[in-house]
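S.K.: Fold the following and give me the result.
(2 chains)
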Amino acid sequence: MSTLTYTNGTTSNRYFYVRDILLNIIGLKDVLGNLVVRYNYDAWGNILSVTGSEASTVGQANPFRYKGYYYDTETMMYYCHSRYYVPGWCRWLNADDPNYLQYDSPKGANLFAYCRNNPIMYFDVSGHFATSMFLIGLAFSLLIGVLLSKAFGNQVAGGIGSTANGATAMYTGICLLGFGPIGWIAGGFLILVGTATVAFGVNEIVAGVTGTNYIQSWTGMSDGLYNGIYIGLNTASTIGTITGSIYMNYANVSGSKPGTQGKPFSRYSVIDDRGVKQFRFFDASGNAWYDMDFRHAGTMRFPHYHGWESGLRLNEHWSFWELLNWLF
Amino acid sequence: MEGPTFLELLNRNEEFVFSFENVNYEIVMGNERGEGHKLSLFLSDGFRGTYLETFNDKFDLLNNGMLKGKKIKDIIKEIKVK
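M.R.: Residues are numbered from 1 along each chain as shown, chains lettered A, B, ... in the order given. Sure, this is the predicted structure:
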């Protein structure tokens, strides 16, 4: 695990980096596990906020930020070995080597373009080559699959892959539950599909080890039907995970000032210096739909909900069941 | 990005934090426990805040609410929404 040692006067403390799946450093934890710094970026790496109890000290001193690049606080640029990336301009400070020109692609013909103008799917630590996060993940998965096949045989390796696939789908489904009614339906479905995929994966592992396919022996399923369900579940889990992740990437917006308009079926996370304070959900037309409050002044219970009607927030502090009653 | 003003937030019944002369306050719908259709003013000084007063509606708050001895309607331009 990557750590940072920060010396303030005569005191040295160790901190642990917190990364997200896109390799961004999103926070620092102290040795007790407390999140003491939280970084917020936009897609291009502009730092939206540095918050937390130690934001002004180690939060500013830590140079590793967006995608793990080295941040220069004076110039507000990222050092990427061969050149500097300027997040405010969404491009590199200077041109790449002309040898990297790709005349057949508009993006490849622009030597200043950062990550093919797609900062979510690519990263570029060298300043020369945009690396696809998707391809890295795919190559890594294939390598693991080959190694597992060699070690345990195809059936067990397939079972392990299926179990991991199902578990990922379940995790995505659980995350989707936080995205309002669309997320509840999609997330619930994905949790069911993921659970079944895990069950079939575990069954394959057991069958590979013991030689007995318990699902087939209990249900009397034919080989064709069993294989069809097994492949179908894995396909559904994979598609569900990808689709769910794309939706969450679209729907998840954060900041400190929520408005009454947003992207259709999106969720705005209101963040202050103590973390997430509120979710605001938007309906199909992009109008404020309902709020989920996690904390504010008063002695009412949390979380609670407020509906919106015709641009006005309703006063009542609802329970989840009262919200469901209002929604449906 | 320019955020909504105190009056805009008040007009759409939002619960929000604002500051006046470096003191943070919070407006919450209902009474201290969030019940009813009035609105309450709190000092935003902790997780639950410190309860100050409940008003019948936003007009009552603007006309009769006082911050540091000044009526809210008179200092509305000096209030900063957090």
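
S.K.: what's the nearest residue to whichever residue of the stretch 101-250 of chain A sits closest to chain B if we skip its chain neighbours?
M.R.: Using CB to the nearest CB, A:G180 is the residue of the stretch 101-250 of chain A that sits closest to chain B, at 19.1 Å. (Glycine included, C-beta is placed from N, CA and C.) Closest residue to A:G180 apart from its sequence neighbours, by CB to CB, 6 or more residues apart in numbering or on different chains: A:F281 at 4.4 Å.

S.K.: Put the alpha carbons of the one helix or strand that neighbour maps to into PDB.
M.R.: Per DSSP states H and E: A:F281 is located in strand A:275-282. Backbone C-alpha positions of strand A:275-282 (Å, rounded to 0.1, in the frame of the first residue of the first chain) are rendered in PDB as follows:
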ATOM      1  CA  GLY A 275     -18.700  14.600   3.600                       C
ATOM      2  CA  VAL A 276     -22.000  13.800   1.800                       C
ATOM      3  CA  LYS A 277     -24.800  15.800   3.200                       C
ATOM      4  CA  GLN A 278     -27.600  15.200   0.800                       C
ATOM      5  CA  PHE A 279     -28.600  13.400  -2.400                       C
ATOM      6  CA  ARG A 280     -30.900  15.200  -4.800                       C
ATOM      7  CA  PHE A 281     -32.600  13.100  -7.400                       C
ATOM      8  CA  PHE A 282     -33.900  14.400 -10.700                       C
END
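
S.K.: ok, it: who's next to it in the sheet?
M.R.: Sheet partners assigned to strand A:275-282 using DSSP bridges are listed as strand A:267-272 (antiparallel), strand A:288-293 (antiparallel).

S.K.: Tabulate the CA atom coordinates of the last one in CSV.
M.R.: Coordinates of the C-alpha atoms in strand A:288-293 are reproduced here as CSV (Å, rounded to 0.1, in the frame of the first residue of the first chain):
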residue,chain,number,x,y,z
ALA,A,288,-35.8,18.1,-8.9
TRP,A,289,-37.7,14.9,-7.9
TYR,A,290,-36.9,14.2,-4.2
ASP,A,291,-34.1,14.8,-1.7
MET,A,292,-32.5,12.3,0.7
ASP,A,293,-31.0,14.2,3.6
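
S.K.: Contacts for that strand, please.
M.R.: A:180, A:258-262, A:277-283, A:302-308, A:311, A:313, A:317, A:323, A:326-327, B:15 (CB atoms under 8 Å, 6 or more residues apart in numbering or on different chains).

S.K.: give me that answer again for 7 Å
M.R.: A:260, A:278-283, A:302-308, A:313, A:323 (CB atoms under 7 Å, 6 or more residues apart in numbering or on different chains).

S.K.: So which of those wins on neighbours?
M.R.: Using other CB atoms under 10 Å in any protein chain shown as the neighbour criterion, A:F282 leads the contacts of strand A:288-293 with 25 neighbours.

S.K.: Bridged to that residue, which residues?
M.R.: Per DSSP bridges, the residues bridged to A:F282 are A:A288.

S.K.: Pull the residues that contact the strand or helix carrying B:F59.
M.R.: Using DSSP H and E, B:F59 sits in helix B:58-64. By CB under 7 Å, 6+ apart, the residues outside helix B:58-64 that reach it are B:10, B:39, B:55, B:72-73.

S.K.: and that helix, average pLDDT?
M.R.: Average pLDDT, helix B:58-64: 94.

S.K.: one step back: and the strands paired with strand A:275-282, which is most packed in?
M.R.: Compared across the strands paired with strand A:275-282, strand A:288-293 shows the largest average neighbour count, a mean of 22 (mean count of other CB atoms under 10 Å in any protein chain shown).

S.K.: Could you list the residues in contact with the helix or strand just after that one?
M.R.: Counting by DSSP H and E, the next helix or strand C-terminal to strand A:288-293 is strand A:304-309. The contact list for strand A:304-309 (CB under 7 Å, 6+ apart) reads A:288-293, A:313-314, A:317-320, A:323, A:326.

S.K.: Check those and tell me the two furthest apart.
M.R.: Across those, no pair lies farther apart than A:A288 and A:S319, at 19.7 Å, counting by CB to CB.

S.K.: if we can go back for a sec, isn't the residue of the stretch 101-250 of chain A closest to chain B right next to A:D283, touching?
M.R.: No - counting by CB atoms under 7 Å, A:G180 stays clear of A:D283, with 9.1 Å between them.
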